[in-house]
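# model the structure of this input:
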Amino acid sequence: MKLSVRRQTVLRGKRAQTTIMFRGTAATILPILLLLATGFSTNGQSSAPQPKAPAAKGIASWYGEAHRGKLMANGKKFNPDKFTAASWFYPLGTKVRVTLQGRPQKSVLVTITDRGPARRLVREGRIIDLGHAPFKKLAHPDLGLVSVVVTPVRGGRT
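Okay, here's the model as predicted:
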């Protein structure tokens, strides 16, 4: 299991081209290449702070019991009784305040733990899917959809 490096210079027209050649077994070279290709990453998440999206107005919906126990985008199981939400517009772990439009006293604080609503619904103005519990604090679940303002909470990353 010997790894050797050889430098070779070849004339190509009027220019000299230098190449560095590695010789050794694939078992030696492959782990080195994989480590370099991954950028020494361990968890797949960037350590750089992600910018937060500004406040947004749109439609909120809810999802509940039918999704209980299913994996969310953050890798945890969904519980409709927790104050969580799904959004494409904020990084996972961001805390946002969801306020019923026109009723500033009706608001809930939720953590973005999943991705949603469905892309086609986003094109129709839907900006957040709330868990059942936070939706109940804003409006009766039979309404299904409500107009809201979603505002990221400063320093609200978990």
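
# this structure: strands as residue ranges?
Along the chain, counting by DSSP state E, strands occupy 4-12, 15-23, 56-63, 84-86, 94-100, 107-114, 126-131, 146-157.

# can you pull the pLDDT of P54?
pLDDT for P54: 81.

# excluding its backbone neighbours, what's nearest it?
Counting by CB to CB, 6 or more residues apart in numbering, P54 lies nearest to P152, which is 7.7 Å off, once chain neighbours are set aside. C-beta coordinates here come from the backbone N, C-alpha and C atoms, glycine included.

# for this protein, give me the ranges with low pLDDT.
The model of the chain has pLDDT under 70 over residues 1-14, 16-53, 156-158.

# can you list the domain ranges for it.
Per the record, the chain has its domains at 4-38, 56-157, by automatic domain parsing.

# hey, which of the ones you listed is tucked in deepest?
domain 56-157 (a mean of 17; mean count of other CB atoms under 10 Å).

# quick one: F83 from E124, how far?
Distance from F83 to E124, counting by CB to CB, to the nearest Å: 25 Å.

# residue contacts, the residue lying closest to K57 once chain neighbours are set aside?
Distances taken as CB to CB, 6+ apart place V149 nearest to K57, at 5.3 Å, with adjacent residues excluded. Residues in contact with V149 (CB atoms under 8 Å, 6 or more residues apart in numbering) are A55, A56, K57, V98, T99, Q101.

# and which of those is nearest H67?
Using CB to CB, V98 is the member of those that lies nearest H67, at 18.3 Å.
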